[in-house]
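Asks: here is my input, please return the structure:
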Amino acid sequence: MIRRLLTAASMLSLALCMLAAVLWVRSYWVHESIDRWHPDNGWIVSSNRSTIFFLWWTEHSAHDDSGWSWVRNPPSRDGDEAFGLVSNQQPYVSDDGSVVWRNVQWVWFPHWIAFAATCCLPAMAVLGSLHRTFRRRRRRRQFCLSCGYDLRASTARCPECGTPIPAKS
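Replies: Residues are numbered from 1 along each chain as shown. Take a look at the predicted model:
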């Protein structure tokens, strides 16, 4: 059961890793963002020039701008800083002319951070699978599981490292 959950998590992480790689390459040609607007809060996820931006806010008074949007523009020169985290209040003028104060949080980081974070789990799964395959192959060919010494002529212990030889099953 645990192995199946780990496999499912690895597959999801691999899909996210591929998505991060595609966005990373695309960000040099296209500045894309996905926005969600709501009367009380909203968020923006943007990809531009090898940087991912997250912006979210909460407002102290409501207005009627609701919905989703997807914007595609040429890449801009913004986002030259590698990492950042900003939290502050900003004024916003609504459609009726009133000033609304928003609590705004910004987070930005390079695409390679997202790529590295999402490729760790699939890499560990592949390395674990290779390790199990090599141990199975050593056991089947009668090699020591610790050092790889040929045990066909040995009976109780490995002459190279002293590891007990497992019983044949």
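Asks: the chain: strands as residue ranges?
Replies: 31-37, 41-48, 51-59, 67-73, 84-93, 99-110 (DSSP state E).
Asks: and the fifth one, what's buried?
Replies: For strand 84-93, a neighbour-count test (16 or more other Cβ atoms under 10 Å) marks nothing as buried. For the C-beta atoms, the positions are set from N, CA and C on the backbone; glycine is no exception.
Asks: partners of that strand in the sheet?
Replies: strand 99-110 (antiparallel) (DSSP bridges).
Asks: bridged to the residue lying closest to Leu23 once chain neighbours are set aside, which residues?
Replies: Excluding its sequence neighbours, the residue lying closest to Leu23 (Cβ to Cβ, 6 or more residues apart in numbering) is Ser47, at 4.8 Å. Per DSSP bridges, the residues bridged to Ser47 are Glu32, Ile52.
Asks: dump the residue contacts of Ser47.
Replies: Counting by Cβ atoms under 8 Å, 6 or more residues apart in numbering, Ser47 makes contact with Leu23, Arg26, Ser27, His31, Glu32, Ser33, Phe53, His111.
Asks: I'd like the strands of the chain as CSV, with mean pLDDT and distance to Leu19 appended.
Replies: Below are the strands of the chain laid out as CSV (pLDDT from 0 to 100; distance: least, Cβ to Cβ, whole Å):
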stretch, mean pLDDT, distance to Leu19
strand 31-37, 83, 12
strand 41-48, 84, 10
strand 51-59, 81, 11
strand 67-73, 63, 15
strand 84-93, 75, 22
strand 99-110, 80, 15
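Asks: make a markdown table from those and add distance to Gly162 to it.
Replies: Formatted as a markdown table, these follow (distance: least, Cβ to Cβ, whole Å):
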| stretch | distance to Gly162 |
| --- | --- |
| strand 31-37 | 60 |
| strand 41-48 | 56 |
| strand 51-59 | 52 |
| strand 67-73 | 64 |
| strand 84-93 | 54 |
| strand 99-110 | 49 |
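Asks: and the residue nearest the centre of the chain, what does it touch?
Replies: Geometric centre of the chain, nearest residue: Thr118, 2.9 Å, by Cα atoms, centre = their mean. Contact analysis of Thr118 by Cβ under 8 Å, 6+ apart lists Ser13, Leu14, Leu16, Cys17, Ala20.
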